[in-house]
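In: My questions concern the predicted model and sequence given below.
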Amino acid sequence: MIFPIGDDNSDRTTTPVVNYVLIVINILVFVFLQQLGTNDRFTYAFSTVPAEILTGQDVASPIRIRDPLTGGTAGVIEHQPTPFSVYLTLLTSMFMHGGIAHIFGNMLYLWIFGDNLEHKLGHAKYLVFYLICGLLASLAHVFTSSGGSSFIPSLGASGAISGVLGGYLLLYPKRRVRVIMLRMLTEVPAIVAIGLWFAFQLINGLGMLGSSSQEGGGVAYAAHIGGFIAGLALIKLFAARRGQPEAPRF
């Protein structure tokens with residue numbers, strides 16, 4: 001796998017304040033509200049539950065998940081009451097994470113790729129683009145969940161960040177990205193770094209079709225794929241009248 005650690009920011013002349021604020025909010029929510037992932041009451045109350053979105057009804061009591069192989073209980077999800085409309089969890093869940101590794105990976109990708117997109121779109125458009133991609137990613141996950149998996153909460157900024165990656169890929173396909181690959185530090189075009197990432201999401205997402213595993217090892221691949229496609233589809237609309245995509249860099 002390729003692990004990105006930075007990209008070419010030589011042409012960025014604006015301060016990506018929105019990107020910084022998004023990163024700070026995610027960290028503050030994880031540290032102080034989720035208490036580094038230990039506050040299950042908060043996490044279950046404000047994460048997105050596909051069954052709640054599909055029915056509009058809050059699931060406020062524990063749900064037993066059946067093992068499709070044995071017919072027994074695979075686990076119990078300790079759902080908590082949501083203090084407002086369940087549809088708002090599509091937004092709140094975008095600022096929550098399941099663990100330190102989860103938030104570290106997401107914030108790293110947002111730090112590397114988000115600033116360039118904010119420079120291109122402008123602060124306000126970038127924020128709207130980010131939120132829309134996140135919402136569409138969550139809906140992609142909701143509408144591909146079924147059975148017991150529809151009661152499993154989802155959370156994380158991955159869907160919105162996937163949209164950022166999709167937009168970045170279209171606007172900056174040749175931009176050099178610094179990566180660690182095969183234990184070596186090197187540079188590759190964005191189309192390689194992001195393309196391999198998306199291929200991994202697609203292969204794993206398709207591999208989960210028909211699988212007995214509920215969440216693909218805890219990863220909502222449909223949200224990643226949905227967010228990425230949303231970013232590809234929307235970026236040209238948001239980037240309109242702010243210049244053309246950059247010339248290829250070699």
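Out: Cool, got the structure. Numbers count the residues shown, from 1 in each chain.

In: give me the beta-bridge partners of the closest residue in space to G72 that isn't next to it in sequence?
Out: Excluding the flanking residues, the one nearest G72 by Cβ to Cβ, 6 or more residues apart in numbering is R66, at 7.2 Å. Quick note: C-beta positions are derived from backbone N, CA and C, even for glycine. In this entry, R66 is beta-bridged to T73, by DSSP bridges.

In: Run through the residues that contact R66.
Out: Each residue near R66 by Cβ atoms under 8 Å, 6 or more residues apart in numbering is listed here: 72-74, 148.

In: Surely F129 is in contact with A160?
Out: No: F129 is beyond contact range of A160, at 9.0 Å (criterion: Cβ atoms under 8 Å).

In: sorry, back to before: tell me the one of the contacts of R66 nearest A140?
Out: Ranked by distance to A140 (Cβ to Cβ), the contacts of R66 are led by G148 at 18.9 Å.

In: What ranges does this structure have for its helices?
Out: In the chain, the segments counted as helices under DSSP state H are 17-28, 40-46, 50-55, 89-92, 100-121, 123-143, 158-171, 190-207, 221-239.

In: List the buried residues of the fourth one.
Out: So the one you mean is helix 89-92. By neighbour count with 16 or more other Cβ atoms under 10 Å, helix 89-92 contains the buried residues 89-90, 92.

In: same deal with stretch 27-39?
Out: Neighbour-count burial for stretch 27-39, counted by 16+ other Cβ under 10 Å, picks out 29-30, 34, 37.

In: Surely M96 is in contact with L155?
Out: Yes: using Cβ under 8 Å, M96 is in contact with L155, at 4.2 Å.

In: Mind listing the shared neighbours of the two?
Out: Residues touching both M96 and L155 (Cβ under 8 Å, 6+ apart) are 43, 46-47.

In: want to throw these into CSV with pLDDT?
Out: Shown next, in CSV, are these (pLDDT from 0 to 100):
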residue, pLDDT
T43, 95
F46, 97
S47, 96
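
In: Dump the residues you listed into JSON lines; add neighbour count as well.
Out: Shown next, in JSON lines, are these (neighbours: other Cβ atoms under 10 Å):
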{"residue": "T43", "neighbour count": "22"}
{"residue": "F46", "neighbour count": "23"}
{"residue": "S47", "neighbour count": "22"}
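
In: who touches both of F129 and A160?
Out: Counting by Cβ under 8 Å, 6+ apart, F129 and A160 have no shared contacts at all.

In: Can you pull the poorly scored residue ranges out of the protein?
Out: Counting by pLDDT under 70, the ranges of the chain that qualify are 68, 205-218, 241-250.

In: Against S138, how distant is the most centrally placed residue in it?
Out: Centroid-nearest residue in the chain: S158, 1.3 Å away (criterion: Cα atoms, centre = their mean). Using Cβ to Cβ, to the nearest Å, we find S158 at a distance of 10 Å from S138.

In: so what sits against both of the two?
Out: Common contacts of S158 and S138, defined by Cβ under 8 Å, 6+ apart, comprise A223.

In: returning to that earlier point: between F129 and A160, which one's more packed in?
Out: Neighbours around F129 and A160, counted as other Cβ atoms under 10 Å, are more numerous at A160. The numbers are 28 against 25.

In: Spit out the contact partners of the more buried one.
Out: Counted by Cβ under 8 Å, 6+ apart, A160 has contacts 94, 130-131, 133-134, 137, 227.

In: make it 6 Å
Out: Under the criterion of Cβ atoms under 6 Å, 6 or more residues apart in numbering, the neighbours of A160 are 94, 130, 133-134.

In: tell me the two of those residues that are most distant?
Out: M94 and C133 (9.6 Å).

In: Of the two, give the one with the bigger neighbour count.
Out: C133 (31 against 26).

In: Which residue comes closest to that one once chain neighbours are left out?
Out: Here the residue nearest C133, using Cβ to Cβ, 6+ apart, is G163, at 2.4 Å.
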